[in-house]
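Undergrad: Predicted model and sequence below, questions to follow.
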Amino acid sequence: MPVRKLNDPEASSLLDHTPRPAVSFSWGLQATGASRWPAVFCLISRDARLAADGMPYALGAKAHDHGCSSRSCPRRSLALRVSLVRSAGAADHGENRPIAPGLGCRGIARVLAQEGVIGQPLLYMLRVRLAQQHAALQAGEYAFLPGIAPQAVTQKLTQGEVVLHSLTIPAGVVSDDIRALLAQEPRLTGDLPADIAEGAVLPETYFFRRGDSRTKVLARMQAQMQAALDNAWQARNLDVPLRTPQEALILASIVEKETGLPQERGRVAAVFLNRLRRGMKLQADPTTVYGIFRASGERKAGLTKRDLASDSPYNTYLIPGLPPGPITHPSQAAIEAVLHPPESAELYFVATGTGGHVFATTLDEHQRNVAAYRNAGHRSKD
């Protein structure tokens, strides 16, 4: 039986080892008779892997027109042909391609062809159906590399290998900030709940799919915090003067706002824990700042004497013990610092003005530190 490649009558073999672009493959039988109206039969074959480079070719059989349309005619000769189905067009740019829900196999093939991911939507659809993969195709946003083979396209769609986007929640932000981040993310959908409890979200980078709901992503963030807090509480040092996981969360939020230096978290936490043991007021600027923010919406960078005398349940210069709730969403590192503090007798610290603090055990030592750093722009623990 003579063998040739499509549009190359001089070729004598299908076993051409020249590298090919991404292709799909099929068997096609085209019979022509006197009527000149072809009857085309397309059947996708999964066993026609002929190329040495592992790329499947699209194979077809065409009957020579000699005035007979009988498939059993002894005078009938067949010629095999090879056709390539390339991934081209818009996909060459590596852009993401959305597959909307409810399209079905035919609709998905049409979209893929329109986007330049596949070249022959009918052949692609038939192949997927004959492989019984059509019911497993999943909607979503996909990224297809230039020249991707149709079988690789199908693998992505059936396994749901969609594009994942990320959203980072920084440590130390308040619920209003998280609400704004979620609301401004255009790839998320739906509304947010009326209230996001302060301290309920674990600051982290979260991944989501285009079209995920904001409520769903928020619930995942809150579940992460609950899990982190529960695990840390179970493994806590038993001598910390905290009665509940919520108290640990409140103190961790204060530590988060007091220092931005990882190496200081433990010492700051130890100071506050030591003060709680002794019944001393925490005198934490961030709690007072938060109380003003909750009352007026103002985010103050510094505190006045009037602020320090403000009547607020978050003014720890006046109230004993912890404030009624968290003042931010603390990191897991801040939670660990509160529940696993270093051994320390320190009761005071003052900001240096360069991002760090100087710590002291006695009031006299602390007052000397305050005098040395009086121009730091921050109040001290005294």
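TA: Perfect, thanks for sending it.
Undergrad: ok, and the closest non-adjacent residue to Asp311?
TA: With sequence-adjacent residues excluded and distances taken as CB to CB, 6 or more residues apart in numbering, Asp311 is closest to Leu318, at 7.7 Å. Where C-beta positions appear, they are placed from N, C-alpha and C, glycine not excepted.
Undergrad: Would you agree the one you found falls within a helix?
TA: No. Counting by DSSP: H, G, I helix; E, B strand; the rest coil, Leu318 is not found in a helix; it is coil.
Undergrad: For Ser166, give me phi and psi.
TA: Here is the backbone geometry of Ser166 (degrees, to the nearest 10): phi -120, psi 150.
Undergrad: surely it meets Thr205?
TA: Yes. Contact criterion CB atoms under 8 Å: Ser166 and Thr205 qualify, at 5.4 Å.
Undergrad: which residues does Gly291 contact?
TA: The contact partners of Gly291, by CB atoms under 8 Å, 6 or more residues apart in numbering, come to 310, 312-315, 323.
Undergrad: from those residues, which would you call buried?
TA: With burial judged by 16 or more other CB atoms under 10 Å, the buried subset of those is 310, 312, 314-315, 323.
Undergrad: Could you pull out the buried residues of the helix ranked longest in the chain?
TA: In the chain, ranked by residue count with DSSP state H as the criterion, the top helix is helix 214-234. The neighbour-count check on helix 214-234 (16+ other CB under 10 Å) flags 214, 217-218, 220-222, 224-225, 228-229, 232-233 as buried.
Undergrad: now those as TSV including pLDDT and distance to Ala152?
TA: Listed next are the buried residues of helix 214-234 as TSV, based on pLDDT from 0 to 100; distance: CB to CB, whole Å:
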residue	pLDDT	distance to Ala152
Arg214	97	33
Val217	98	29
Leu218	98	35
Arg220	97	30
Met221	98	34
Gln222	98	37
Gln224	98	33
Met225	98	39
Ala228	97	38
Leu229	98	43
Ala232	97	43
Trp233	98	47
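Undergrad: all strands for the stretch 201-350 of the chain, in order.
TA: Counting by DSSP state E, counting those that start in this stretch, the stretch 201-350 of the chain has strands at residues 205-209, 348-351.
Undergrad: If you average pLDDT over each of the ones you listed, which is lowest?
TA: Among these, strand 348-351 carries the lowest mean pLDDT, a mean of 92.
Undergrad: And for the helix or strand following that one, what's in contact with it?
TA: Next helix or strand after strand 348-351 toward the C-terminus (DSSP states H and E): strand 357-360. Defining contact as CB under 8 Å, 6+ apart, one finds that strand 357-360 is touched by 259, 264, 267-268, 271, 346-352, 366, 369, 372-373.
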